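Trainee: Here is a sequence together with a model predicted from it:
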Amino acid sequence: ACDPMAPQVTPVDVIISPVPSATATVRPTSTPIVATRTPLPTPTSAAPPTATPFPCDVDEGEVIAFDQFRSETAGENLRYRVYVPPCYFQTQARYPYVILLHGLSFREQQWEDIGVVDALDQGIRLGALPPMVLVMPYMGQIGTFNQFPPDRSYETVVLEELLPALEANFCLWEDRDYRGIGGISRGGFWAYSIGFRHPDIFSRIGAHSGAFPTDLNVVPAAFNPLQIAQDSSFLPEANLRLYLDNAVSDPVGLEQQVLSNRLRGRSVEIIHVEAPDKG
């Protein structure tokens, strides 16, 4: 049972790293109510105990595997995994959430394999990151196809099947300001394609080594992040928070640079980080 009156926390933009550096937000404590008694000549004020925030002495969140999620759109099982923060089941509070899409030829465990759960646990433990929910779905075969609405599309899976299931079964803020979407490589393409086209649903979009095809015969203009960045009439007013990163010699680095240049040329802010190559 989710608390319908739980206060909304102010959303913050974070870049998950092994050593978070953000400053913790201090939670407000309730003010004691002092009641005065007058019958006695020397009355004594008595204050009820100060309310104590819900205690959470757990250091780690939990990953829940949903091994069966039959997609009618895709005609296949598009299972997913959900990270919930420490004490999620006890608080009944609502949380912001991020959908993280894996890369081509990988599976939904890719994000866990590269350490996202450990990094988030550490950030929450240190108070550098707010508690949040991560959703890591398997994209299946349909995620590899360049098919777009009104044809069968992975976009339809995310918007019409996955999101309703998540918000029916988890305590999540059902508001674009508290939803984000990101991905690696092919997942980064879908994150930007879906997020650009639906800024009423997602307020934050990110990609690690996002693969953005330049050929409009492969990805039509209406669904192509590079073309949307250049031509969209609503994008400058969409109030999106955008992030990209890639290694210096990353093969998709040029595509990411084109995307960030086109956005900045239209006064759309984006963070684009080029990391040094390893070794």
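Mentor: Sure, I can see it. Numbers count the residues shown, from 1 in each chain.

Trainee: What's the local residue count around Asn217?
Mentor: Neighbouring residues of Asn217 were enumerated by other C-beta atoms under 10 Å; the total is 7. Where you see a C-beta, it was placed from the backbone N, CA and C, and this is true even at glycine.

Trainee: What does the pLDDT read for it?
Mentor: Per-residue confidence at Asn217 stands at 95 (pLDDT).

Trainee: State the distance from it to Asn146.
Mentor: Taken as C-beta to C-beta, to the nearest Å, the spacing of Asn217 relative to Asn146 amounts to 10 Å.

Trainee: how long is stretch 173-184 end to end?
Mentor: By C-alpha to C-alpha, to the nearest Å, the extent of stretch 173-184 from end to end equals 24 Å.

Trainee: pLDDT weak spots in the chain?
Mentor: Low-confidence segments of the chain, defined by pLDDT under 70: 1, 5-55, 279.

Trainee: Now do the phi/psi pair for the residue nearest to the spatial centre of it.
Mentor: With the centre of the chain defined as its mean C-alpha position, the nearest residue by C-alpha atoms, centre = their mean is Val98, 1.8 Å away. Per-residue torsions, Val98: phi -130, psi 130 (degrees, to the nearest 10).

Trainee: residue contacts, it?
Mentor: By C-beta atoms under 8 Å, 6 or more residues apart in numbering, the contact set of Val98 is 132-135, 179-182, 204.

Trainee: Number of residues surrounding Ser260?
Mentor: Count around Ser260 with other C-beta under 10 Å applied: 18.

Trainee: if we look at the helix or strand it falls within, which residues are touching it?
Mentor: Counting by DSSP states H and E, the element that carries Ser260 is helix 253-265. Applying C-beta under 8 Å, 6+ apart, the set of residues contacting helix 253-265 from outside is 192, 207, 209-214, 225-226, 229-230, 235, 242, 244, 246-247, 250, 269-270, 272, 274.

Trainee: quick one: strands adjacent to whatever helix or strand comes next after that helix?
Mentor: Using DSSP H and E, the helix or strand that follows helix 253-265 towards the C-terminus is strand 271-275. Using DSSP bridges, the neighbouring strands of strand 271-275 in the sheet come out as strand 241-247 (parallel).

Trainee: now the angle between helix 253-265 and the partner strand, please.
Mentor: Strand 241-247 runs at 150 degrees relative to helix 253-265, counting by axes from the mean of the first three to the mean of the last three C-alpha atoms, to 10 degrees.

Trainee: ok now strand 241-247, how far from the chain's centre?
Mentor: 14 Å (C-alpha atoms, centre = their mean, to the nearest Å).
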